[in-house]
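Q: Got a sequence here, can you build the structure:
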Amino acid sequence: MMHCCNADLDKSPQLYFTLFFIFKALESEYDDQAVPTDRYEELNSSLISLLTECVDNPTTSSLEKLIKEFWKLTK
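A: This next block holds a predicted model:
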């Protein structure tokens, strides 16, 4: 995913930088290890719809919602 974000950064810098950062943070969180099932489900239920919304319509407000939700999940 990070490779795709890197490749498309010129198309929408705010969107793809945000997505890259999220994917990089998740990768670092698990140090390339498997994600525990409960964490996987928490991430999916919280982020999938927001990620989809941002890709479909990368407005500032949709990106802000995604960032805020991701930030809550990192605490």
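
Q: any residues touching the helix or strand where residue 28 lies, and which ones?
A: Assigned by DSSP states H and E, residue 28 belongs to helix 13-30. For helix 13-30, the surrounding residues in contact (Cβ atoms under 8 Å, 6 or more residues apart in numbering) are 1-2, 5-6, 8-9, 35, 43, 47, 51, 54-55, 58, 60, 63, 66-67, 70, 74. Where C-beta positions appear, they are placed from N, C-alpha and C, glycine not excepted.

Q: From the contact counts, what lies against the helix or strand just after that helix?
A: Next helix or strand after helix 13-30 toward the C-terminus (DSSP H and E): helix 37-56. Counting contacts by 3 or more Cβ pairs under 8 Å, 6 or more residues apart in numbering; DSSP states H and E, helix 37-56 is packed against helix 13-30, helix 60-73.
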